[in-house]
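> after the sequence you'll find the predicted model.
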Amino acid sequence: MLRAAAAVAGVAVIGVYLGIALTRLGYPGPLEILEGNSLIEVHRILAGQQLYAEPSANYVPDGYPPLYFAVSAAAASVLGPSYLALRLVSLVASLACFVILGRLVQRETRSRTAGLAAAGLLAATYFATDTWFDVGRVDSLFLALSVAGLYAVRCASRTRGAITAGLLLGAAFLTKQTALAEGVAVLAALAAGSGRRLAAPAVAAYVAVIGGSTLVLGLASHGWYLYYVFEQMSQHAFSGASAGQFWTAELLPTFGVAICAVVLGTRRLPLVLVAGCAGLAVESFAARAQNGSNLNDLLPAYLSVALLAGLAMASQPSLLRSRSSGRLTTFTRWGRGAGGQWVPVAVSALVVVQIGLLAGGFRLSQAFPPKADRIADQRLMAAARALGGTVAIPADPGIAVTAGLPPTEDQIAAADVLRASDQTPQGIFMASLGQAVAAQKFSGIITEFHGDLRGFPLYLTLYYYLCPQTPLDGVLSIPFSANASALPVSVWLPFGHGPSCATVARVLGASNG
């Protein structure tokens with residue numbers, strides 16, 4: 001009954017998530033600070049432009065491999081280049097992740113209720129990770145391919161299945177490069193277990209995907225793909241405080257009950273699943289230990305715990321399958337007496353409690369942009385159109401693109417370049433910004449925080465002047481601020497030409513309902 005309750009709770013949470021995601025799908029503005037740059041990358045693919053180019057005033061790519069952007073571009077070619085296409089890819093990928101996770105747990109435990117509970121447990125982290133599953137970012141596709149690779153390894157019994165597993169793990173890497181930890185761990189475990197005869201074709205497929213894509217994209221981009229995907233992130237500073245908070249302030253407070261369920265109920269597990277879960281946890285920790293990470297980096301660890309918690313709900317150790325990829329790793333050997341039979345009951349109760357605690361944190365108001373943000377989006381697009389030409393909005397360049405204007409650099413992507421230790425890309429980026437400022441290439445620069453001007457030259461004030469206006473009602477904020485207090489923006493205009501400050505102020509201060 002408790003396992004059934006966990007399954008019902010899991011299905012309910014997935015249903016709530018789906019309802020929220022469908023409602024947010026068509027929102028015309030950004031739902032997350034980096035969605036704008038994802039939109040620009042899709043635009044570049046559709047326009048036949050290079051995705052990985054040197055950082056410039058016009059464009060700085062995100063430091064991720066291309067698969068999510070390519071899939072989103074395919075969707076955008078049908079639906080149009082808007083946030084809808086990007087979010088639809090993430091929504092479908094997140095649902096696929098839940099289905100595959102549930103099916104994997106069901107296969108291992110022969111319990112459909114355990115599978116539903118595990119899928120719901122992962123879905124319940126939706127608000128704990130700032131509603132990340134359905135935004136236009138790489139993470140949901142990365143999670144879906146990661147768990148699909150695990151499932152394929154467990155199902156593989158012939159060469160074809162092993163190749164499929166290698167391709168899926170390679171595709172996860174092509175979505176987010178941190179998947180390398182899981183791929184290496186799983187394939188090493190496969191080679192060490194009873195399914196070692198399948199390791200060679202799986203590894204060959206995996207290496208072919210990663211090696212072939214790296215060679216082709218590296219050559220096509222003149223080495224910039226190698227910089228963004230392999231070098232840049234590895235050059236970011238390690239943060240001891242963030243590393244410590246991963247355990248004490250994030251993982252345990254959010255998922256502590258589920259972790260207790262894992263510790264209580266974990267018995268004999270297939271080695272590849274242990275390796276896969278360990279790899280996912282390492283991916284989360286390594287990402288969160290760097291400066292500039294975000295809550296989405298916790299998702300691989302949450303996937304790992306959800307999978308292990310689902311497996312811990314098995315009625316007895318013998319129900320865990322030990323086929324093909326096979327050697328079992330024993331964590332705890334529970335007695336065969338009546339006491340051990342209560343362990344799955346306790347684990348199921350803990351899973352129910354964990355889903356309830358996470359679902360209790362759902363705040364629908366946090367899932368939808370407040371009215372102030374909707375008004376701000378309208379005003380900023382109107383201001384960009386009034387300025388015309390190339391308008392730099394470093395906090396959200398997607399606003400200008402949505403207004404039909406050329407793209408410019410994104411401050412978060414630019415910050416990744418400026419934080420890295422390699423000074424050559426930094427110099428190229430800052431020189432490009434300097435040339436753009438000196439040539440008054442921007443018809444306007446709209447900023448909210450001082451940090452928006454990172455990389456801009458000190459001589460900006462020789463070519464641009466700062467308008468003193470503030471919207472009369474104080475309703476303006478860039479980008480989507482998740483109910484944060486709106487702040488007035490600053491508008492920089494070129495000396496000698498273009499609209500006046502009064503014109504821009506009228507647009508920004510206009511009332512839009």
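Nice, thanks for sending it over. Numbers count the residues shown, from 1 in each chain.

> show me where the stretch 1-150 of the chain has helices.
In the stretch 1-150 of the chain, the helices defined using DSSP state H, counting those that start in this stretch lie at 2-24, 35-46, 67-79, 83-109, 112-123, 139-155.

> next, the angle helix 112-123 makes with the fourth one.
Yep, that's helix 83-109 we're talking about. Computed by axes from the mean of the first three to the mean of the last three C-alpha atoms, to 10 degrees, the angle separating helix 83-109 from helix 112-123 equals 140 degrees.

> picking that back up, distance to A202 added to the helices of the stretch 1-150 of the chain, as CSV?
All C-beta atoms are positioned from the backbone trio N, CA, C, and that covers glycine. Shown next, in CSV, are these (distance: least, C-beta to C-beta, whole Å):
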stretch, distance to A202
helix 2-24, 31
helix 35-46, 30
helix 67-79, 19
helix 83-109, 17
helix 112-123, 24
helix 139-155, 7
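
> mind checking which of those is nearest A383?
Closest approach to A383 among these is made by helix 35-46 (15.8 Å; C-beta to C-beta).

> contact partners of the closest one?
30, 50-51, 59-62, 68-70, 72-73, 76-77, 81-83, 85-86, 135-137, 396-399, 401-402, 407, 410, 412-413, 479 (C-beta atoms under 8 Å, 6 or more residues apart in numbering).

> low-confidence ranges in this protein?
Scanning the chain for pLDDT under 70 picks out 315-340, 449-451, 469-488, 510-513.

> measure the residue nearest the centre of the chain to A70 for me?
The residue lying closest to the centre of the chain (C-alpha atoms, centre = their mean) is D139, at 3.1 Å. Distance, D139 to A70, using C-beta to C-beta, to the nearest Å: 16 Å.

> L387 now?
Distance, L387 to A70, using C-beta to C-beta: 32 Å.

> please apply the same query to G80.
Taken as C-beta to C-beta, the span from G80 to A70 is 17 Å.

> also Y126?
From Y126 across to A70, the span is 26 Å (C-beta to C-beta).

> again, but for A204
Distance, A204 to A70, by C-beta to C-beta: 23 Å.

> equivalent analysis for S146, please.
18 Å.

> these two - which one has more neighbours?
Taking neighbours as other C-beta atoms under 10 Å, S146 and A70 compare with S146 leading, 33 against 15.

> does the more buried one really touch P300, like I thought?
Yes: between S146 and P300 there is a contact at 7.0 Å, judged by C-beta atoms under 8 Å.

> shared neighbours, these two?
Joint contacts of S146 and P300 (C-beta under 8 Å, 6+ apart) are E182, L280.

> picking up where we left off before, between the helices of the stretch 1-150 of the chain, which one is closest to Y228.
Among these, the nearest to Y228 by C-beta to C-beta is helix 35-46 (11.3 Å).

> pull out the buried residues from that closest one.
Along helix 35-46, these residues count as buried under the neighbour rule (16 or more other C-beta atoms under 10 Å): E35, G36, N37, S38, L39, I40, E41, V42, H43, R44, I45.

> that one: how far from the chain's middle?
15 Å (C-alpha atoms, centre = their mean, to the nearest Å).
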